[in-house]
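Asks: have a look at this prediction, sequence included:
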Amino acid sequence: MIDEYLAEGYLILRGIVPPSLLGDLRIEAKKARDLAHQLKGAQTQRIQPLSDYAGDLNLKPFYDYIELPELQDTIERLLGKNYTHGHIDIMGLLVEPLEHPWHIGWHRDGVVEVPPEAYDEIVKAKLAEVWHDLRHYNQVNCAIYAESCTWFVPRSHLRQWDLPGEQQTTGGPILRGPIEGMSNVEAERYYLDHCQQFPGAVQVHLGAGDFMIYRNLGWHTGNYVTYQPRATIHDIVRYEGEKSWIGWQQVKQEAMKRLKEETS
């Protein structure tokens, strides 16, 4: 399984959250979904971080999830010591839209904030330094209800270049919808085609209680429909030892500043 994660870029632990805890999580997830739509709108994708809503939710089931010995043991076996999979101050809950389907767009986390025109030698050197460092870019989706929203391109996390047909499509207004002249059913098919046509993409199917960890430097996306309830814990695997993360964040910010100065 370690080889599978390193090679493919994602790993699914089936049924690792016990049914008793799933039941408790669903009670709070129902409240969180309603709260997300109430506060952030009918089309919101998430409510995050959960720590901000301690007055509205009973966070104990989420702490119980964090403290699951099976998950703690698995993350240590997979990545080593000093890695944690659950953080109330980061953790969000991914939810379904209420009015129309939409598609978040294909992307690679971390690098997506820096457009190609800002990739100078400084950015490229720092990116090469952190790209294969397992202390960075490990992300989690843990399904409270069965869902199939996430798409991933296996092995794409291994390369720092893009293949023909791969492009950053986040933020495209047509992906957010609604699409003028299209019914919800037609838009749903349009977004599904957009996922299926991306080179090498696979749809990830999670059962209730399945835990997915993935290298979010690989190409991935989310495709959302209105008629399937979604409550998926979304978090990172955080390295708690010595960190070099800040250097990459600074390089990104400085690259964007240089680009702005050059184009102003």
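Replies: Sure thing, it's come through.

Asks: using CSV, write out every CA atom in the lengthiest helix in the chain.
Replies: As assigned by DSSP state H, the longest helix anywhere in the chain is helix 19-40. In CSV, the C-alpha atoms belonging to helix 19-40 read as follows (Å, rounded to 0.1, in the frame of the first residue of the first chain):
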residue,chain,number,x,y,z
PRO,A,19,-20.5,2.5,11.8
SER,A,20,-21.1,3.7,15.4
LEU,A,21,-18.9,6.8,14.8
LEU,A,22,-20.4,7.3,11.3
GLY,A,23,-23.8,7.6,12.9
ASP,A,24,-22.6,10.3,15.3
LEU,A,25,-20.9,12.1,12.5
ARG,A,26,-24.0,12.1,10.4
ILE,A,27,-26.0,13.8,13.1
GLU,A,28,-23.5,16.7,13.2
ALA,A,29,-23.0,16.6,9.4
LYS,A,30,-26.7,17.3,8.8
LYS,A,31,-26.4,20.4,11.0
ALA,A,32,-23.2,21.5,9.3
ARG,A,33,-24.7,21.1,5.8
ASP,A,34,-27.7,23.1,6.7
LEU,A,35,-25.5,25.7,8.3
ALA,A,36,-23.2,25.9,5.2
HIS,A,37,-26.1,26.5,2.9
GLN,A,38,-27.6,29.0,5.3
LEU,A,39,-24.4,31.0,5.8
LYS,A,40,-22.6,30.6,2.5
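
Asks: what is the mean pLDDT for stretch 167-175?
Replies: The pLDDT scores in stretch 167-175 average 77.

Asks: hang on, I meant stretch 220-236
Replies: pLDDT averaged over stretch 220-236 gives 97.

Asks: ranges for the strands of the stretch 101-250 of the chain?
Replies: 102-103, 138-143, 150-152, 202-203, 211-215, 220-224, 231-236, 238-239 (DSSP state E, counting those that start in this stretch).

Asks: between those, which one is closest to residue 160.
Replies: strand 211-215 (12.6 Å; CB to CB). All C-beta spots, glycine's among them, are computed from the backbone N, C-alpha and C.

Asks: and that closest one, what's its mean pLDDT?
Replies: Rounded mean pLDDT across strand 211-215 is 98.

Asks: CA atoms only for that strand, dumped as PDB, please.
Replies: Listed in PDB are the C-alpha atoms of strand 211-215, where the atom choice follows Å, rounded to 0.1, in the frame of the first residue of the first chain:
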ATOM      1  CA  PHE A 211     -10.700   7.400   3.900                       C
ATOM      2  CA  MET A 212      -8.900   8.800   0.800                       C
ATOM      3  CA  ILE A 213      -5.400  10.300   1.100                       C
ATOM      4  CA  TYR A 214      -4.000  11.800  -2.000                       C
ATOM      5  CA  ARG A 215      -1.000  13.900  -3.300                       C
END
